[in-house]
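Enquirer: Need coordinates for the below:
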Amino acid sequence: MARLHRVYLSPGMFGFGKLGTYDYFAHVERALVARFRAAGEELHTFVADVAPTSSVRRRAVSLAELIGQTASNDNGPIHLFGHSTGGLDARLVASPTAHYSTNHEDFRWLSRLSSVTTMSTPHYGTPLAGFFATVSGQRMLYAISALTVTGLSLGAPPLAAASAVVMAIGRIDRALGIELRMLDRTTNALLAALEPATSTEVERYLDAIRRDQGAVIQLTPEAMDLFFAGVEDRPGVTYQCTCTMVPPPSPRRIARSLPSVWRALSSIIFTTMHRITSRYDEVYPCTPPDWSEEAQQMFQRTFERTPSPSENDGVVPILSQIWGRIVWAGYGDHLDVIGHFSGARQATISRLSADPEADNAHVDWMMSGSKFDESAFEEMMDAVAGGMLSST
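Expert: Purely as a prediction, here's the structure:
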């Protein structure tokens, strides 16, 4: 008889559980369930409903309460899976040194915790968080979150938003400079076009970002230095991670996207995010203090070199993503790894439609040039699921 496993997924800063008919973790859930079934095991998946930019502690409390409410008293293994900030939620929930303002009965399941998987998580912080803490950065954070919702759920932003962006950018050759003033004008126009939420759920999601941005400060390299000192791994639990980066964006790559207003906008914003994330501080370098020989060998096999501290996935430096055993590394951006990439089954119609093919299609808005594809996603999920299964 197959054992029953439970996996709890926590989304990242731009993430969500489900909005309308669009499920943020749909591709990851489908991949994990299929692999557990192939191994003769049963897997139930649960997605935490956490405020996208609230503090890590508050997000962790929501995750812990979900597990406490849904994990019955059987002996089945429990796995935590966190993308981006969600990886920190998972680590904090699992930590034996953590303290919460929640019912202690919510943690009776801890003896069954088998693995913690983090994906594109800023374990040592990200320079992008420092920028998001500024006035311009807060507006950009809101715009990127709005882009994520509209880009993933609709396949492209509303025409009004695209038109506003064209007016904001003006001469396209000036956009190649990636000036923050230009980005601020673009963001202002985008926010004006996207302000009327397409649904009550989307409106609540965007409002949560406006009201609570506690995680923004907490994800700075300086703040994560304290997180590193105070949050311990739970003995007997397998910790594993995936690490990705993209080739440095170039004006030539942006120029190739210019025939499409939507692709041009995406390339410009992604390039700006990548450049901010690539900033290096010798005092807080966003790198692990000690490298395992296994991690170095993984990078050598994948990239034929050791990535520099400035290389990143557009949001998080690749070296900041290391925690536990690296089960997979490769080229990919921050959203590629959870199935949001341009693939053979890219949606060409609204994801909010009833089209059965739309549910399986891959949708992308980060035009990063990573060339992450279905093959890379399948290989990565093989490694992730394999680590979870072997942990039991």
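Enquirer: for the record, mean pLDDT for stretch 316-324?
Expert: The average of the pLDDT scores along stretch 316-324 is 97.
Enquirer: Could you pull out the buried residues of it?
Expert: By neighbour count with 16 or more other C-beta atoms under 10 Å, stretch 316-324 contains the buried residues 316-324. For every residue, glycine as well, the C-beta is placed using N, CA and C.
Enquirer: which pair in those residues spans the largest distance?
Expert: 317 and 324 (17.1 Å; C-beta to C-beta).
Enquirer: Just the helices from the stretch 101-250 of the chain, written as ranges.
Expert: With DSSP state H, counting those that start in this stretch as the definition, the stretch 101-250 of the chain shows helices at residue ranges 127-132, 135-154, 159-169, 172-175, 180-194, 200-211, 214-218, 221-230.
Enquirer: whoops, I mixed them up, the stretch 251-392 of the chain
Expert: 251-257, 261-277, 293-303, 374-390.
Enquirer: any idea how far residue 23 is from residue 146?
Expert: Residue 23 sits 19 Å away from residue 146, going by C-beta to C-beta, to the nearest Å.
Enquirer: Dump the buried residues of stretch 316-324 into TSV; add distance to residue 5 as well.
Expert: Below are those laid out as TSV (distance: C-beta to C-beta, whole Å):
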residue	distance to residue 5
316	28
317	32
318	29
319	31
320	29
321	25
322	25
323	21
324	19
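Enquirer: Listing request: residues of this protein with sub-threshold pLDDT.
Expert: Scanning the chain for pLDDT under 70 picks out 1, 17-22, 101-106, 136, 147, 149-203, 251-264, 343-360, 365.
Enquirer: can we see that at 50?
Expert: Along the chain, the parts satisfying pLDDT under 50 run over 159, 162-179, 194-195, 197-198, 345-358.
Enquirer: Could you measure from residue 25 over to residue 381?
Expert: Using C-beta to C-beta, residue 25 is found at 12 Å from residue 381.
Enquirer: Give me the more crowded residue out of the two.
Expert: Applying other C-beta atoms under 10 Å to residue 25 and residue 381 shows that residue 25 carries more neighbours, namely 26 against 21.
Enquirer: Could I get the phi/psi values of the closest residue to that one other than its chain neighbours?
Expert: Once flanking residues are discounted, residue 25 sits nearest to residue 9: 4.9 Å by C-beta to C-beta, 6 or more residues apart in numbering. As for residue 9, its main-chain torsions (degrees, to the nearest 10) stand at phi -110, psi 130.
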